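**Q** Let's see this in three dimensions:
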Amino acid sequence: MYRSRSLLTICLLLLCSAAATAQDDDPIRVDSAIVRVNVGVVDQRGRAITDLGPGSFALFEDGVRQEISRFETSSAPFSVVMLLDMSGSTKSFRQNIKLSASRFLDALAPTDRIAVVEFNERTKLLNDFTTDRRRAAHSIAVANGVGGTNFYDALQYALRRLEREATTRKAIVVLSDGVDSASQSADRNFLSSLAEDQMFGAIEPGNDTQLNGVLNYADRIGATIYPLALPTGDPARLADPTPLQIALFTAARSRLQIIADRTGGTVNTIQRLEEMGRLYAEVAADLRTLYTIEYQPTNGSRDGKWRAIRIETSNPDLIARSRQGYFAR
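**A** Numbers count the residues shown, from 1 in each chain. As a prediction, this is how the structure comes out:
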């Protein structure tokens, strides 16, 4: 009997240990009742304004003013995931990508934490969040790969990493043409049933299931996403394209814009590879101008409906930019 009790005790201890380990591995969940918004402010000439306090802002949800519960200045650190497209479509200009991504590191604030992730048909963490720029630079240097592009899987992975971060300021900078292999396959199947003259504009980019999964996740944790759109995804650059190709690439590029608009970021379109480094640096500079505002909505219903966010400043000559809203799930 004593032996049986001892075995039972050991089993219970092992189960408790396993449960504790599983709990440690679970993502840190943010309070779903709290909404986080990153806000950029510029004057009439487009110059960033970075010296405002919480009293300078008024936030409205569905037209109802909300009480700001937390405010972080533009100097507060960010946690940033750098997503690098290492699919076959980028193989011919990898050196440009790596040099440009290194410029992004140089432009970040010393306290910003960065994780580097490569993706193609799979997603691989090259380094977790760190302020060690040498470590991040090494990750960029060794990034490699071929194959297809699991673009939305990579974004989901990046959001999961960000959700674990204690800091409330979160961003993703993703370099890609935006042509996701799974979404393109679904779009192709849909378009194949149409005549060629019906293809253009037939796809509704915002109805993509994977895209909406990313958007809802970003809403929940308050992450801003900056797509850097590679020229390989530009439908205007396709050589002698078919109506099918134009429709597919146009939908992919439209989805990049939807991601930026919904999360409060910007699409930075790379026309020439030589521009890549400058655009990376501009994204880093934009991060340094953002404020972060938190509030608990007066409408606490989680009915899945859209909640429109509007932010005003006490100075009517200033312009605030943020995400447009969220679905209350």
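
**Q** Wait, a strand at Phe71?
**A** Yes. Counting by DSSP: H, G, I helix; E, B strand; the rest coil, Phe71 is part of a strand.

**Q** pretty sure it is touching Thr292, no?
**A** Yes. Using CB atoms under 8 Å, Phe71 makes contact with Thr292 at a distance of 7.3 Å. All C-beta spots, glycine's among them, are computed from the backbone N, C-alpha and C.

**Q** of the two, who's got more company?
**A** Thr292 (21 against 18; other CB atoms under 10 Å).

**Q** Now for the closest residue to the more buried one other than its chain neighbours: which residues touch it?
**A** Distances taken as CB to CB, 6 or more residues apart in numbering put Glu72 closest to Thr292, at 4.1 Å, once the chain neighbours are dropped. By CB atoms under 8 Å, 6 or more residues apart in numbering, the residues touching Glu72 are 168-169, 291-293.

**Q** between the residues you listed, which has the most around it?
**A** Most surrounded of the contacts of Glu72: other CB under 10 Å gives Tyr291, at 26 neighbours.

**Q** what about the residue nearest to that residue when sequence neighbours are not counted, which SS state?
**A** Nearest residue to Tyr291, sequence neighbours excluded (CB to CB, 6+ apart): Val39, at 4.8 Å. Three-state call for Val39 (three-state DSSP): strand.

**Q** pretty sure Val39 contacts Tyr295?
**A** No. Assessed by CB under 8 Å, Val39 is found out of contact with Tyr295, at 11.8 Å.

**Q** Which stretches in the stretch 201-329 of the chain count as helices?
**A** Ranges of helices within the stretch 201-329 of the chain are 209-221, 243-263, 276-287, based on DSSP state H, counting those that start in this stretch.

**Q** List the contacts of the residue nearest to Tyr291.
**A** Contacts of Val39 (CB under 8 Å, 6+ apart): 57, 264, 290-293, 311, 320-322.

**Q** and with 10 Å instead?
**A** 52, 57, 59, 71, 74, 224, 264, 289-293, 309, 311, 313, 320-323 (CB atoms under 10 Å, 6 or more residues apart in numbering).

**Q** Any figure for the gap between it and Ser56?
**A** Val39 sits 10 Å away from Ser56, going by CB to CB, to the nearest Å.

**Q** Identify the contacts common to these two.
**A** 71, 291, 313, 320.

**Q** among those residues, which are in strands?
**A** Counting by DSSP state E, the part of the shared contacts of Val39 and Ser56 found in strands is 71, 291, 313, 320.

**Q** and of the residues you listed, the nearest to Thr123?
**A** Tyr291 (30.7 Å; CB to CB).

**Q** OK, contacts around the closest one?
**A** Tyr291 neighbours (CB under 10 Å, 6+ apart): 37-41, 49-50, 52-54, 56-57, 71-76, 169, 311, 320, 322.

**Q** and if you look at Lys305?
**A** Taking CB under 10 Å, 6+ apart, one finds 62, 299, 327-329 in contact with Lys305.

**Q** For it, report the pLDDT, please.
**A** Lys305 carries a pLDDT value of 94.

**Q** got the end-to-end distance for stretch 183-197?
**A** 21 Å (CA to CA, to the nearest Å).

**Q** which of the residues in it are buried?
**A** Using 16 or more other CB atoms under 10 Å as the test for burial, stretch 183-197 gives 183-184, 187, 191.

**Q** Not counting sequence-adjacent ones, nearest residue to Gln210?
**A** Counting by CB to CB, 6+ apart, the residue nearest Gln210 is Tyr152, at 3.8 Å.

**Q** Ala154 reaches Asp180, doesn't it?
**A** Yes. Counting by CB atoms under 10 Å, Ala154 touches Asp180, with 9.1 Å between them.

**Q** which neighbours do the two share?
**A** Counting by CB under 10 Å, 6+ apart, no residue touches both Ala154 and Asp180.

**Q** Give me the most central residue, the chain.
**A** Geometric centre of the chain, nearest residue: Ile225, 3.2 Å, by CA atoms, centre = their mean.

**Q** What's the separation between that residue and Val173?
**A** 8 Å.

**Q** Equivalent analysis for Pro54, please.
**A** 27 Å.

**Q** Counting neighbours, go ahead and name the busier of these two.
**A** Under the neighbour definition other CB under 10 Å, Pro54 and Val173 were set side by side, and Val173 has more, 24 against 13.

**Q** from the buried residues of stretch 183-197, which is closest to Gln95?
**A** Nearest member of the buried residues of stretch 183-197 to Gln95, counting by CB to CB, is Gln184, at 26.7 Å.
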